[in-house]
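> would you be able to build a 3D model of this:
(one chain, ligands or ions: 1)
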Amino acid sequence: MALHMCPSLTVSSTELVYLSSGSIQKEAALSLKKVRLEHLPKKRMARLPILAAHNTGNGSWSSQSPGVISDTTHHLQGRHADWQSSCAVLSSQWASQVEKESLAVDLHADASDEKLATTSFRDTLRDLVTFPKPLSIIDFSKPPSHGSELRVAYQGVPGAYSESAASKAYPNCEAVPCDQFEAAFQAVELWLADRAVLPLENSLGGSIHRNYDLLLRHRLHIVGEVQISVHHCLLGLPGVKKEHLKRVISHPQALAQCEHTLSKLGVAREAVDDTAGAAQFIAANNLRDTGAIASARAAELYGLDILADGIQDDSGNVTRFLMLAREPIIPRTDRRFKTSIVFALEEEAGALFKALSVFALRNINLTKIESRPQRKRPLRVVDDRNHGVAKYFEYLFFIDFEASMADPRAQNALGQLQEFASFLRVLGSYPMDMTPVGPSVSKS
Ligand SMILES: O=C(O)C(=O)C[C@]1(C(=O)O)C=C[C@@H](O)C=C1
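Residues are numbered from 1 along each chain as shown. The predicted model follows:
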């Protein structure tokens, strides 16, 4: 199932809101309804906070307040995904709370109606909920799972390059397609996925600015990077010749990476959300005058012919993807690490020179610098009595440098930068992708 940005939904808080998208929890909640919560003593109802997710009224969700299940109907301002995530976060608390409830009943139950109601509650849950198995020494001796069992969000549909990047980053993972970059960020934040793998820059097209902006707006940590060579094909319906095409659709980056081929073809270009999505669209709508720029895998998945192979402007076409997680990894010095930061500076002559010198002075190599406008402070107006009013656009600087945060040189450099930066955030310190990325080759 692809993750989509969903419209708001309305749920009555007199209903039990089930705690996870999983069917076990849903059934548990539904059968609890049969237990009739209003028959539970008030004391016990207050101890079921996790059975209802509360809308705080400002669009956010509270799991803190006790589960008083009132009669009023709440309009859940959050999106479906917000709701699901509140549920997912709470479901683990739920399991342990239920275990405690059961024990409390065994030890202290006295009133017979209370015992009856709570016992059936406990039995229902015992039947329906499987509690996590305690870790044993065998679990610790298992080799690392290399991504298996991880849910990894990526933007696009199956056959997208981002899906290949997710598989390279986390072999055997369950790749979760998302309709937009932002949905992939949210999927991880809301515990619907464990990681996200998103493109940040391409050797031909340059930076993917949207993801720089989203990195700042969201609170995920960069835990790794992967680079893949991108080998584009021109796809069309079976029997179609490339001379018959009137337009070519694809992801804007892919269109940009095939500029020469498209100019030679003299076709109209149209941007869509992702390369594989373009192939899927042509197949689904039987468009004989439209071609897609996508991978050979997309051709296979959506039953299209490869009309031209390797159509990117340069055979060494590489895209760098970031691996994102809710928690940072512990930086190390026993292998090559990269650190990504973002900072803002006060307007003054030589400010950026000074900022960059903190790395140069410690012999730290910078691998990328990108500036993005500060959306919240687009313009600064300075009243200079001599020369009237000066207007400055405010920028943020994203920098990647080749050092681990565990390296004292990096710590000292950032310590010095912090002295004059008006804002500084470390986005992540992570192992560099050292696997060779050769020129992209034909897979057909
Ligand atoms: O559309 C896809 O297939 C993607 O994975 C997106 C994307 C990108 O955003 O740059 C990834 C790699 C290629 O550079 C082209 C497109």
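> mind listing the strands for the stretch 201-350 of the chain?
206-207, 221-229, 233-236, 247-250, 268-271, 290-294, 305-309, 318-325, 337-345 (DSSP state E, counting those that start in this stretch).
> so what are the sheet partners of the fourth one and their directions?
Here the strand partners of strand 247-250, with direction, are listed using DSSP bridges: strand 268-271 (parallel), strand 290-294 (parallel).
> buried ones in it?
248-250 (16 or more other CB atoms under 10 Å). All C-beta spots, glycine's among them, are computed from the backbone N, C-alpha and C.
> what of the fifth one?
Using 16+ other CB under 10 Å as the burial criterion, the residues of strand 268-271 that qualify are R269.
> what residues does that strand touch?
246-252, 255, 262 (CB atoms under 8 Å, 6 or more residues apart in numbering).
> so who does Y302 touch?
159, 235, 276, 279-280, 282-283.
> so which of the strands of the stretch 201-350 of the chain gets nearest T435?
strand 221-229 (7.5 Å; CB to CB).
> CA atoms only for the longest strand seen in the chain, dumped as CSV, please.
In the chain, with assignment by DSSP state E, the single longest strand is strand 421-431. Extracted C-alpha coordinates of strand 421-431, given in CSV (Å, rounded to 0.1, in the frame of the first residue of the first chain):
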residue,chain,number,x,y,z
ALA,A,421,26.5,31.5,13.8
SER,A,422,23.0,32.7,14.6
PHE,A,423,21.7,29.1,14.1
LEU,A,424,23.4,25.7,13.9
ARG,A,425,22.0,22.2,13.6
VAL,A,426,23.8,18.9,13.0
LEU,A,427,21.7,16.9,10.6
GLY,A,428,23.7,13.7,11.1
SER,A,429,27.1,12.1,11.2
TYR,A,430,27.2,8.9,9.2
PRO,A,431,29.4,6.5,7.3
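> counting by contacts, list what it packs against.
Judged by 3 or more CB pairs under 8 Å, 6 or more residues apart in numbering; DSSP states H and E, strand 421-431 is in contact with strand 221-229, strand 337-345, helix 408-420.
> do that again at 10 Å, thanks
helix 209-217, strand 221-229, strand 318-325, strand 337-345, helix 351-360, strand 395-401, helix 408-420 (3 or more CB pairs under 10 Å, 6 or more residues apart in numbering; DSSP states H and E).
> of these, which is nearest A296?
Short answer: strand 221-229, nearest of these by CB to CB, at 12.8 Å.
> on contacts alone, who are the packing partners of the closest one?
helix 161-169, strand 195-202, strand 318-325, strand 337-345, strand 421-431.
> reformat the ones you listed as TSV; add mean neighbour count, mean pLDDT and distance to A410.
Output for those, formatted as TSV (neighbours: other CB atoms under 10 Å; pLDDT from 0 to 100; distance: least, CB to CB, whole Å):
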stretch	mean neighbour count	mean pLDDT	distance to A410
helix 161-169	24	97	23
strand 195-202	25	97	20
strand 318-325	24	97	19
strand 337-345	20	97	6
strand 421-431	19	97	8
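> show the contacting residues for the closest residue to D289 other than its chain neighbours.
Take D289 and drop its neighbours on the chain: the residue closest to it by CB to CB, 6 or more residues apart in numbering is K246, 4.3 Å away. By CB atoms under 10 Å, 6 or more residues apart in numbering, the residues touching K246 are 265-268, 287-291.
> so which of those is the most crowded?
Highest neighbour count within the contacts of K246: G291, with 31 neighbours (other CB atoms under 10 Å).
> that one is in contact with L255, isn't it?
No. Checked against CB atoms under 10 Å, the pair G291 and L255 is beyond contact range at 11.4 Å.
> so what sits against both of these two?
248-249, 262, 278.
> which members of those are the farthest-apart pair?
L262 and A278, at 13.2 Å, using CB to CB across the shared contacts of G291 and L255.
> list residues touching both of these two?
What both L262 and A278 touch, as defined by CB under 10 Å, 6+ apart, is the set 248, 250, 255, 291, 293.
> gap between the last one and W191?
With distances taken as CB to CB, to the nearest Å, I293 is found 34 Å from W191.
> and what of the second one?
Noted for S250: a distance of 32 Å to W191, by CB to CB.
> next: the first one.
In this structure, V248 and W191 are separated by 39 Å, where distance is defined by CB to CB.
> can you give me the domain boundaries for the chain?
2-102, 140-229+318-431, 233-316 (automatic domain parsing).
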